[in-house]
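# Requesting a structural model of the entry that follows:
(2 chains)
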Number of protein chains: 2
Amino acid sequence: MKAKIYKKVCEFDGEPKDSDFSLIEEELPSLKEGEFLCAGEWFSVDPYMRVYSQWSPVGETVIGSQLAKVIESKNEVYKEGMYVVGYFGWRTHTICDGKTELTPGFGQPLIVQPLESLPMSLYLGALGMPGNTAYFGFLEICQPKAGETVVVTGAAGAVGSLVGQIAHIKGCKVIGFAGTDEKVDWLKKDLHFDHAYNYKDVGVDQALKEAAPDGVDCYFDNVGGEMSSKILRHMNSRGRISVCGSISSYNASKNEEPKASLVQLPLISKELKMEGFMVMRWLDRWEEGVKQHLNWINEGKLKYKETITEGFENMPKAFKEMLKGKNVGKAVVKA
Amino acid sequence: MKAKIYKKVCEFDGEPKDSDFSLIEEELPSLKEGEFLCAGEWFSVDPYMRVYSQWSPVGETVIGSQLAKVIESKNEVYKEGMYVVGYFGWRTHTICDGKTELTPGFGQPLIVQPLESLPMSLYLGALGMPGNTAYFGFLEICQPKAGETVVVTGAAGAVGSLVGQIAHIKGCKVIGFAGTDEKVDWLKKDLHFDHAYNYKDVGVDQALKEAAPDGVDCYFDNVGGEMSSKILRHMNSRGRISVCGSISSYNASKNEEPKASLVQLPLISKELKMEGFMVMRWLDRWEEGVKQHLNWINEGKLKYKETITEGFENMPKAFKEMLKGKNVGKAVVKA
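Numbers count the residues shown, from 1 in each chain, chains lettered A, B, ... in the order given. Model (predicted):
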């Protein structure tokens, strides 16, 4: 059995390039007692892969999660035919023992149940890491109350599109910023956003003067940078900011240190609380978020969209396009 | 009775200038029933006066607190001979009725007891607003634990010098940044700071590599700007940042929007919490901070320093010099 594997050739510098990756083939040995073999069916591309080089050192497999099927097993827990979500990196086939973490800190492969009428790829999106990022990162850090005004940037992305809908479910007024008219239409027509703007056409000040004349109470920040500094200036006293991502700065080159207007003055004068997080903080409550989202999807309250790229070989392409905001909803790659 | 009053002539733009203020005299009427007359003995100059123009509109008296003596009274609560701390603004004599707030949101004049062997000006410093800013703003927001490492910027100022000492009392390792060698000496020799640096000579990265090789747990931010962005990059996972001031940007000119390296990336990767505050949040616990500081001073655990300017007429000078960091400890003006 041969595995195809994408290795990271060098540190990213500016926008990722094809030459940052090399696709190799590796002959896998036969299974030892306790091991099992997984075949990836869906692969995730996410913004964090661009920035956290500590998890993806040069020379190693690019970090990432996948929805995989156990196709052979000498393990009593992970049996043939089961599905798992594993942090195996960008590789088609993987041998695990259910004990060794393939990415330290990300735990063992998670066994997931087949979904009756929904695509299994949702375990990489609304029912997986992006889903729990939205669920816990918004609810725990922003502590939104019904009637409050919530702003989401990167609002049409895998996480942002869920945050806006969760805010709506919780009775908040939701304002989203995204980067194309198509995304803005989707947010307004399908996802119950009260207001949505293409930030390339409408400035933050103009948009929020119109959509949030009484100020913003919660801000879910996916983008960082000047846009976030501007949004902070529209916040109400004791507002909460959940800092999930800083995608505006992810493609910066090595010698460039992105700068933005200071956050300190609005933080002080409005007594704002701003907290960054990584979703693994809530690993012990993982099932809670997944079950809630599955219920909301089945009740028609939570909608999702996927941007699907075909073929494992196209992972770098899917990754680069996601970083440029070409995806609507979750970007996934189909094996 | 004539009151001398400093009025604000125009909005500040860059460093405050003498021409931003005008000194006028106002004839005060005789007291009506319920009123009392205060004579300022000590006046405070503080960084917030530079930035919060909503409290100090053009044409009005410059905002500020003073330690004043009641020199005449037709009020049953505020009696002749009593001392008060009042937000009367920059004016030598003031008539109050004990009901109308002279600065909205800042409450009524606070009656304070004579201090046996300490200067009454402490009610504008360690036993007043800066004291409680340090006490509540550090302890409540940073939630420091014994053994943790605490960084303070503006460390030799009215607030910072107290924060560092409180951190020391609570069993933390304390690292301070200040802007002159004289200040650094004071922090190290008199105030029990474990490390102190003149940031004009030693960069943040070099200093913290030496003084905090295991990272920083709490940061009390008085300065904002690039220095704070740099310090965030030295913080440990789940670190806490109390944002008290942004003095590095206070003297910016109107058309200049100070920028600094993004805070979002360290906030996310270290899961940091950053919260701004204004001390009036803890108005209902005011006495707690004052009493604790008075005890610590009497026990020799908390030291203070004052930079005294003589003469009410010199308030603009004292204010400008404080903003330039020429004070050590609390900057006050003696009537």
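# Mind jotting down where the helices sit in the stretch 51-200 of chain A?
A:129-142, A:160-169, A:181-189 (DSSP state H, counting those that start in this stretch).
# and the residue nearest to A:Ala156 when sequence neighbours are not counted, how many neighbours?
Ranked by CB to CB, 6 or more residues apart in numbering or on different chains and with sequence neighbours excluded, the top spatial neighbour of A:Ala156 is A:Lys183, at 3.5 Å. (Glycine included, C-beta is placed from N, CA and C.) Residues lying near A:Lys183 (other CB atoms under 10 Å in any protein chain shown) number 25.
# Now distance to A:Ser261 and mean pLDDT too, for the helices of the stretch 51-200 of chain A, in JSON lines please.
Below are those laid out as JSON lines (distance: least, CB to CB, whole Å; pLDDT from 0 to 100):
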{"stretch": "helix A:129-142", "distance to A:Ser261": "22", "mean pLDDT": "98"}
{"stretch": "helix A:160-169", "distance to A:Ser261": "22", "mean pLDDT": "98"}
{"stretch": "helix A:181-189", "distance to A:Ser261": "25", "mean pLDDT": "97"}
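# so what's the most centrally placed residue in chain A up against?
Central residue of chain A (CA atoms, centre = their mean): A:Pro130, 4.0 Å from the mean position. A:Pro130 makes contacts with A:Asp46, A:Leu124, A:Ala158, A:Val159, A:Leu162, A:Lys330, as judged by CB atoms under 8 Å, 6 or more residues apart in numbering or on different chains.
# Spell out which residues of chain A are next to chain B.
Within chain A, the positions adjacent to chain B are A:51-52, A:221, A:224-225, A:228, A:243-246, A:249, A:257-278, A:281 by CB under 8 Å from any CB of the partner chain.
# The same query, at a cut-off of 7 Å, please.
A:52, A:221, A:224-225, A:228, A:243, A:245-246, A:249, A:257-265, A:267-269, A:271-278, A:281 (CB under 7 Å from any CB of the partner chain).
# Out of those residues, list just those in strands.
A:Asp221, A:Val243, A:Lys259, A:Ala260, A:Ser261, A:Lys273, A:Met274, A:Glu275, A:Gly276 (DSSP state E).
# got the residues you listed as JSON lines, with pLDDT columns?
Formatted as JSON lines, those follow (pLDDT from 0 to 100):
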{"residue": "A:Asp221", "pLDDT": "98"}
{"residue": "A:Val243", "pLDDT": "98"}
{"residue": "A:Lys259", "pLDDT": "95"}
{"residue": "A:Ala260", "pLDDT": "96"}
{"residue": "A:Ser261", "pLDDT": "96"}
{"residue": "A:Lys273", "pLDDT": "98"}
{"residue": "A:Met274", "pLDDT": "98"}
{"residue": "A:Glu275", "pLDDT": "98"}
{"residue": "A:Gly276", "pLDDT": "98"}
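# farthest pair in these?
A:Lys259 and A:Lys273 (22.9 Å; CB to CB).
# the more surrounded of the two?
Neighbours were counted for A:Lys259 and for A:Lys273 using other CB under 10 Å; A:Lys273 has more, 21 against 17.
# Name whatever forms a beta bridge with that one.
Here A:Lys273 sits in beta bridges with A:Arg240, B:Glu275, as judged by DSSP bridges.
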